[in-house]
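*Asks:* Compute the structure for the input listed below.
(one chain, ligands or ions: 1)
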Amino acid sequence: VGALTYDVAVVGGGPAGATVARLLAARGALVVLLEAERLPRPKPCGGGLTARAVRLLPQEVRELVRVRAPGARVRWGPWEVEVRSPTPGVWLVLRPAFDAALVDLARQAGAEVREGARVTAARRVADGVELQAAGATVRAHRLVCADGATGPFAGPLGRAVGLGPAAPRVGALEAEVDDPDGAGGVWLRGDFDVVRGGYAWVFPKAGVLSVGVASWARGAGGRVLHEALRRYLVRIGIEPARVVRLRGHPIPVGGRCPAAALWSPVAVRVGDAAGLADPLFGEGISHALESAHFAAEALLADDLAGYARRVVREIYPGFRVAALAARVFYARPGPWFAVLGRMPRAADAAYTLAVGGSAGALAP
Ligand SMILES: Cc1cc2nc3c(=O)[nH]c(=O)nc-3n(C[C@H](O)[C@H](O)[C@H](O)COP(=O)(O)OP(=O)(O)OC[C@H]3O[C@@H](n4cnc5c(N)ncnc54)[C@H](O)[C@@H]3O)c2cc1C
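*Replies:* Residues are numbered from 1 along each chain as shown. You can find the predicted model right below:
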């Protein structure tokens, strides 16, 4: 058992955990980041960074952007609508490299990073928490649960550090597709007539495509998603041999965690672990980054309740609007396409709003 007690232990080296660790270490805190995998590690994700996310990213990581999408081509039945923001509002990255770069920046800021350190046990001790990770005992005064939608702090480990139940989740399935000649272009594609209560997408990343399906409908399990993705690949003309990797992963539906699930006297949940993915499209990287910034500030002020209040005050109102939009839109997408197809300016405005403005204006 090491005698060292860290100020903060961060569990999970995705965008949320790497960002909290970087911000805290840069302010002089003694931080350890425990990541289960060795980096770079795969993560099923479209890798679409909205303008909202780009604004929160350090300059170094923006250099990893592979494509700046001028807009999206969205389809339902007979309708195809092209939507764009004034400058590219979604930038695309490959998650393994992106996540590894964010963790590197945390390391450079002074955080101790342990890869291959899967946390398997947690308990409260007098002055904080004690974790077991890959045979080592780690003690810290405060804990950041950034272990994503499938991490152990959603269950018994969360309860052990005083956190309430985690957010409900929807299902998603993603195929990484080889696109050596870049035929996928630079536009995002979204099809809303492939799976009930959800959508299918193609996100181009220069040489690789992310093709996936997600559904918000009750009962849309693995079998439904696999079948929908199989049909979609046929529809867009992708032979099975081009699929490099196929993986399912849940998306936590945003705004459903009560404040009591976001913090305890010794711990906070951030990013997907806090259920902070957008309830309309499942975009979660921007909220992972935003919650990381809130958490770092709250930890430095030792006001963990303040973190939860800030999430509820600053992130949840947007989620409530998105959840309402999701309910009416996914119930019957057709009429909305008919409206947006006839009102291109309104469609562009809706897209620009959904991606949080224009990231292109920030581009180097
Ligand atoms: C198919 C799919 C497509 C998506 N597309 C997009 C998109 O285009 N744009 C967008 O903004 N969002 C998208 N999302 C959502 C986005 O991927 C997540 O919101 C985002 O990754 C959340 O970041 P995070 O840091 O909270 O969690 P994660 O990125 O999931 O990171 C969690 C980390 O914790 C680690 N971990 C887990 N358990 C342990 C443990 N016991 N000990 C130590 N470490 C542990 C994991 O290895 C992982 O590295 C998509 C999601 C899915 C499923």
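
*Asks:* Give the burial count for residue 189, as a bare number.
*Replies:* Neighbour count for residue 189, taken as other C-beta atoms under 10 Å: 20. Where you see a C-beta, it was placed from the backbone N, CA and C, and this is true even at glycine.

*Asks:* and it, what does it touch?
*Replies:* 72-75, 201-203, 236 (C-beta atoms under 8 Å, 6 or more residues apart in numbering).

*Asks:* Give me the residues contacting the helix or strand where residue 33 lies.
*Replies:* Assigned by DSSP states H and E, residue 33 belongs to strand 31-35. By C-beta under 8 Å, 6+ apart, the surrounding residues in contact with strand 31-35 are 6-13, 17-18, 21, 24-25, 41, 103, 106, 110-119, 131, 133, 138, 140.

*Asks:* Keep those, but drop any that are not near the ligand.
*Replies:* 11-13, 17, 118-119 (C-beta under 6 Å from any ligand atom).

*Asks:* With secondary structure added, can I get those in TSV?
*Replies:* TSV is the format used below for these (DSSP: H, G, I helix; E, B strand; the rest coil):
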residue	secondary structure
11	strand
12	coil
13	coil
17	helix
118	coil
119	strand
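
*Asks:* Tell me, what's the model's pLDDT at residue 183?
*Replies:* Confidence at residue 183, expressed as pLDDT, is 88.

*Asks:* Would you mind giving the secondary structure of it?
*Replies:* Per three-state DSSP, residue 183 ends up coil.

*Asks:* Roughly how far does it sit from residue 190?
*Replies:* 18 Å (C-beta to C-beta, to the nearest Å).

*Asks:* Of these two, which one has the most company?
*Replies:* Neighbour tally, residue 183 and residue 190, criterion other C-beta under 10 Å: the higher count belongs to residue 190, 18 against 9.

*Asks:* and the more buried one, what is it in contact with?
*Replies:* 72-75, 199-201.

*Asks:* Which one of the residues you listed is nearest to residue 332?
*Replies:* Comparing the contacts of residue 190 against residue 332 with C-beta to C-beta places residue 199 closest, at 13.9 Å.

*Asks:* The contacts of residue 189 also near the ligand: which ones?
*Replies:* Applying C-beta under 6 Å from any ligand atom to these, none is adjacent to the ligand.

*Asks:* any chance of these in TSV, with distance to residue 171 and pLDDT too?
*Replies:* Listed next are those as TSV, based on distance: C-beta to C-beta, whole Å; pLDDT from 0 to 100:
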residue	distance to residue 171	pLDDT
72	22	97
73	24	97
74	21	97
75	21	97
201	14	98
202	19	98
203	18	98
236	21	96
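
*Asks:* and which of the residues you listed is nearest to the ligand?
*Replies:* residue 203 (6.1 Å; C-beta to the nearest ligand atom).
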